[in-house]
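K.L.:
missing the sequence, but the structure's below:
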């Protein structure tokens, strides 16, 4: 008891420091959980199959709604060249050859937590990319044994953020099989968080708007 009495001041300091460390740890955990819940999370995946006629599904796994804006579709060919196109909702809902909206394409309304939407089949998006880009490709027949990768990037508006959020996923295309197979190159959708990349996406969006306005 005498030892406790003599060192009570030191013990009180040690206890207070320990309690402060615990509170700092709890605060860090709270901030980490809060910031993580505020991050947008968009998933891009296949649905109704694994070939070129499978649907491309966009899901919102964020805590807040996301409003999808544009789809950027990039094809990489065997010679290393690329063909990129920005596909709008108007493009998704029609093609030059048909007046009726393609089957399974859903509206670009806001996606709440856990909601998903279809942006059409991979075949449909490849055909649209050929149509809206400046490529000299005539159609799917010109891509046989040439098309290697396709990248789907989805942009959207999220909460009060002043820049678009985005996510992208790359798929390998196996053209030696009929129908062509579409296989993800990585297990998860890549989320685009950095403001530098998001500013670049903003510039892409502005350039596309200017192109449509000319």
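P.N.:
Yep, it's here. From a predicted model like this one, the values you see are computed outputs, not experimental measurements.

K.L.:
wait, what's in contact with residue 154?
P.N.:
Residues in contact with residue 154 (CB atoms under 8 Å, 6 or more residues apart in numbering) are 42, 44, 58, 68, 70, 71, 72, 119, 166, 167, 168. Heads up, the C-betas are built off the backbone N, CA and C, glycines and all.

K.L.:
can I get those in TSV with distance to residue 140?
P.N.:
Shown next, in TSV, are the contacts of residue 154 (distance: CB to CB, whole Å):
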residue	distance to residue 140
42	28
44	22
58	23
68	26
70	23
71	19
72	20
119	18
166	27
167	26
168	23
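
K.L.:
How much space separates the nearest residue to residue 183 once chain neighbours are set aside from residue 152?
P.N.:
Closest residue to residue 183 apart from its sequence neighbours, by CB to CB, 6 or more residues apart in numbering: residue 172 at 4.8 Å. For residue 172, the distance to residue 152 (CB to CB, to the nearest Å) stands at 13 Å.

K.L.:
Neighbour count: these two, which is higher?
P.N.:
Neighbours were counted for residue 172 and for residue 152 using other CB atoms under 10 Å; residue 152 has more, 22 against 14.

K.L.:
Do I have it right that that one meets residue 56?
P.N.:
Yes: with contact defined as CB atoms under 8 Å, residue 152 counts as touching residue 56 (6.0 Å).

K.L.:
shaky segments in the protein?
P.N.:
Low-confidence segments of the chain (pLDDT under 70): 1-9, 11, 30-38, 88-108, 133-135, 211-214.

K.L.:
hey, where'd the strands end up in it?
P.N.:
42-47, 55-60, 66-77, 82-87, 116-121, 147-158, 165-174, 181-184, 190-192 (DSSP state E).

K.L.:
In CSV, list these along with distance to residue 137.
P.N.:
Output for these, formatted as CSV (distance: least, CB to CB, whole Å):
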stretch, distance to residue 137
strand 42-47, 23
strand 55-60, 20
strand 66-77, 9
strand 82-87, 7
strand 116-121, 18
strand 147-158, 9
strand 165-174, 14
strand 181-184, 18
strand 190-192, 26
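
K.L.:
any shared contact partners between residue 152 and residue 56?
P.N.:
44, 125.

K.L.:
Could you give the backbone dihedrals for the residue nearest to residue 159 when sequence neighbours are not counted?
P.N.:
Nearest residue to residue 159, sequence neighbours excluded (CB to CB, 6+ apart): residue 64, at 5.2 Å. With angles defined as degrees, to the nearest 10, residue 64 sits at phi -120, psi 160.

K.L.:
Look up how far residue 110 lies from residue 64.
P.N.:
If you measure residue 64 against residue 110 using CB to CB, the figure is 10 Å.

K.L.:
go on, residue 13?
P.N.:
The value you get for residue 13 to residue 110, if CB to CB is used, is 54 Å.

K.L.:
Please apply the same query to residue 51.
P.N.:
Computed with CB to CB, the distance linking residue 51 and residue 110 is 30 Å.
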